[in-house]
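> Provide a 3D model corresponding to the input given below.
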Amino acid sequence: MSDKGCPQCGEELKKCLIQQNYSVVMCSNLNCSYPFNEREMLSNTVYTKDADILEAAKKRLRKEEESK
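The predicted model follows:
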């Protein structure tokens, strides 16, 4: 992922899990269509470690518990 953010709008880039251990790097700005408006999206598909997936799931569960 780029440390500079989205190449189109500058917002933060995030990984979105699409299959076990594979994510698409995409813009967090809902008004930006990056990378879906790119000609070649394969370069935005990255391997995601199990530890990263588990950490994200733990954070999501903590947020859900705090909001109850």
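> tell me the secondary structure for the residue nearest to the spatial centre of the chain?
Residue closest to the average C-alpha location in the chain (CA atoms, centre = their mean): Lys15, at 1.8 Å. Lys15 falls in the strand class when you classify it by DSSP: H, G, I helix; E, B strand; the rest coil.
> Just grab the bridge partners of it for me.
Going by DSSP bridges, Lys15 is paired in beta bridges with Val25.
> Assess the claim that it and Thr48 are in contact.
Yes. If you go by CB atoms under 8 Å, Lys15 and Thr48 touch, sitting 6.0 Å apart. Any C-beta I mention is one placed from the backbone N, CA and C, and that applies to glycine too.
> Need the residues touching each of those two.
Common neighbours of Lys15 and Thr48, using CB atoms under 8 Å, 6 or more residues apart in numbering, are Ser23.
> ok, now which ones touch the residue nearest to the centre of the chain?
1, 23-25, 46, 48, 52.
> 6 Å instead, please
Under the criterion of CB atoms under 6 Å, 6 or more residues apart in numbering, the contact partners of Lys15 comprise 23, 25, 48.
> As a markdown table, those with neighbour count, pLDDT and distance to Glu65 would be great.
Shown next, in a markdown table, are these (neighbours: other CB atoms under 10 Å; pLDDT from 0 to 100; distance: CB to CB, whole Å):
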| residue | neighbour count | pLDDT | distance to Glu65 |
| --- | --- | --- | --- |
| Ser23 | 20 | 93 | 25 |
| Val25 | 18 | 93 | 28 |
| Thr48 | 18 | 91 | 24 |
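> Give me the contacts around the worst-scoring helix or strand of the chain on mean pLDDT.
One helix or strand of the chain scores below all others by mean pLDDT, DSSP states H and E: strand 45-47, with a mean of 87. Identification of contacts with strand 45-47 by CB under 6 Å, 6+ apart yields 21-25.
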